[in-house]
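Student: Need coordinates for the following:
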Amino acid sequence: MLGVALWAGFAHPAFAQTAVQEIMARRNADRRDEPSPLTEPRVKFTSQRAPSNAEDILFVLNAVELHGATAFDFDALAALYGEEIGRRVTLTQVFEIAARIQDLYRESGFIFTRVLVPAQAIEGGAVRLEIIEARIDGVQIEEPEGPVGPARKLVERMIAPLVGVLNPTDALLERTILNVNELPGVTRATVVPQPSGPESRGGLVLHVNVERDPFEGVFYADNRQSPAIGRGVIGGTIGFNSYSEWADTTSISIFNSFDVLSDKIPETGETDAGGDFDERTTVLVAHQRAVGTDGLTLQATALYSRTRPGDEIKKIGIQGRQVQATIGLTYPLVRSRAFELNGGLGLEYLDSQTDISNGVFRVSDDRQRVGVARIDGVYRDPLGYTTFAASLRQGFDVLNATAPDDLERSRFDGRSVFTLARAEAERLLIVNDDLNAYFQIGGQYSLTPLLAAEEFAIGGITFGRGYDPSEFTGDNGVGVTGELRYVSDLNLYDVAFTMETYGFGDYGVVWNLGNGEPRMQRLISAGGGVRLYLPEQVFVEAELAFPANQPLTRVGPDGEQITGPRFFLTLSKRF
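Tutor: A predicted model of the protein is given here:
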């Protein structure tokens, strides 16, 4: 996980392509932070074995005496052996009763409980079983890869409540250790239980191994933009992870447009020189801080983006500016290996202006103040994973938000006071060791016409890959995409790497309320490509995408429609 978990990431890149969303999509382009399928637990629990002559020892079982049981009442445990009472049994069956009781404990999450058949003389058909329920006597933090820095104090506070817990459950330990793993920069946190010693019945000491990377970053470049703001984008993010005892983490992202090709302007026949490094610049600063010790986090972001489109619209002198600030809280409602569910609340502040004639005339000025409530989660299983997210966004008429009669709105009937629901889900299905399938769906529904930044967009890296970003936008929309992927582990000239070849198809539709245009538009595209996961965390993706149901809205250098295949290249390097 790179840097800060941005509150602004609550909006998926398919929704109107704001600068924050584009940054989030690009810095995670290699998908190294995707969830992994659920694997089998490494710890296998066994029961006490009966002696070799246990089948030869026969007696009538009249009673079972349970010593040390506190987690379950007598009736719950007696139900596990009631049918044997009064019957002739072997000593092997007594050990089976002990195993059934131990299974009940462990199926209920008490994974450290042991049920033993102690050495004894069985008199009157009464058997004694010892139930050794676990207790955590202490925790020790170990740093196998070196000091974890100031965040160690937070880790100590997070695991301290475990000390003294009787009958600890796997759910309690999983949540605690996974919360530690979620601290920015923590690359691994594991727990190894050890017996406290013979003097402590059922006592455990938990050895918590923690590793941390204090610094990380990513460099990124692609050519998935519109020529109007440069065909490509280049930039990077640096993150300073958990540098305080409350895991304060700060990241800085800078992305800039570029275009190495020259373009012929259809209207004039003139040629626009390559370069175009000044057509779009975006800077994002994000910060995250732990609140308490149970996974609650506070996130805040600040963004500035400037746009000066070139090529055929350069003569109009368009200038755009976007300022955005967000703040939010996120809490893990459920956190386990198989299932996570997070809830969050936040506020967003967005000002977006567009001028023409190099700033002489203002054509749009949107000011939005939005409250957000959101849930998201992931479910892992042996065949893959499913992620989901849903949010409710409410615009408010506060802090000089755009008025209903403001003539400088980006849309004539758009409203800064709105109610909007968004949802998305994705599924990775592992077919076999080499083949997997990926599916994604997303959409939004609004009750009122929206301003530009809140619209659903099709075209770009999610839905409509064969088209330019935000080819069409609308108040409401739905998009679906699917990929079939073949994964190969290769070795070429002693360089080991992973190659993923894939084919994809996608569909997106948007429609507008009120007087918005277009009333409805659909995009369909298909294609394929290859992704290379190279050593040193280098990622390369080459893709060929075909616009399927209509040409692009922009035209080619000679005014012709653009309908053919499009080649996209993505590069990234993590460090």
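Student: And the closest residue to residue 105 other than its chain neighbours, how far from residue 161?
Tutor: In space, and not counting its chain neighbours, residue 105 is closest to residue 113: 4.0 Å by CB to CB, 6 or more residues apart in numbering. The way it works is simple: take the backbone N, C-alpha and C, and place the C-beta from them, glycine included. Residue 113 is 20 Å from residue 161, where distance means CB to CB, to the nearest Å.
Student: Who has more neighbours out of the two?
Tutor: Shown here are residue 113 and residue 161; by other CB atoms under 10 Å, residue 113 has more neighbours (23 against 14).
Student: Mind naming the longest strand for this structure?
Tutor: strand 361-381 (DSSP state E).
Student: so what strands line up beside that one?
Tutor: Strand 361-381 pairs in its sheet with strand 339-356 (antiparallel), strand 384-395 (antiparallel), by DSSP bridges.
Student: Dump the ones you listed to a markdown table, plus mean pLDDT and mean neighbour count.
Tutor: Shown next, in a markdown table, are the strands paired with strand 361-381 (pLDDT from 0 to 100; neighbours: other CB atoms under 10 Å):
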| stretch | mean pLDDT | mean neighbour count |
| --- | --- | --- |
| strand 339-356 | 94 | 18 |
| strand 384-395 | 97 | 18 |
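Student: Redo these as TSV? Include distance to residue 307.
Tutor: Converted to TSV, the strands paired with strand 361-381 look like this (distance: least, CB to CB, whole Å):
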stretch	distance to residue 307
strand 339-356	8
strand 384-395	23
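Student: Ok, which of those strands comes nearest residue 300?
Tutor: strand 339-356 (9.5 Å; CB to CB).
Student: centre of the chain versus that closest one, how much separation?
Tutor: 17 Å (CA atoms, centre = their mean, to the nearest Å).
Student: So that it lines up with my notes, have the first residue be 527 from now on.
Tutor: Got it, the first residue is 527 from now on, which makes the last one we talked about strand 865-882.
Student: Return that strand as PDB; C-alpha atoms alone will do.
Tutor: This file holds the C-alpha atoms of strand 865-882, laid out as PDB (Å, rounded to 0.1, in the frame of the first residue of the first chain):
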ATOM      1  CA  PHE A 865     -13.700 -10.500   5.200                       C
ATOM      2  CA  GLU A 866     -13.200  -6.800   5.700                       C
ATOM      3  CA  LEU A 867     -15.800  -4.100   6.000                       C
ATOM      4  CA  ASN A 868     -15.000  -0.400   6.500                       C
ATOM      5  CA  GLY A 869     -17.200   2.500   7.200                       C
ATOM      6  CA  GLY A 870     -16.400   6.200   6.700                       C
ATOM      7  CA  LEU A 871     -17.700   9.700   6.800                       C
ATOM      8  CA  GLY A 872     -16.100  12.700   5.200                       C
ATOM      9  CA  LEU A 873     -16.400  16.200   3.800                       C
ATOM     10  CA  GLU A 874     -15.200  17.600   0.400                       C
ATOM     11  CA  TYR A 875     -14.500  21.200  -0.700                       C
ATOM     12  CA  LEU A 876     -14.100  21.800  -4.400                       C
ATOM     13  CA  ASP A 877     -13.600  24.900  -6.400                       C
ATOM     14  CA  SER A 878     -13.300  24.600 -10.200                       C
ATOM     15  CA  GLN A 879     -13.000  27.400 -12.700                       C
ATOM     16  CA  THR A 880     -12.600  27.600 -16.500                       C
ATOM     17  CA  ASP A 881     -11.700  30.700 -18.400                       C
ATOM     18  CA  ILE A 882     -11.300  31.600 -22.000                       C
END
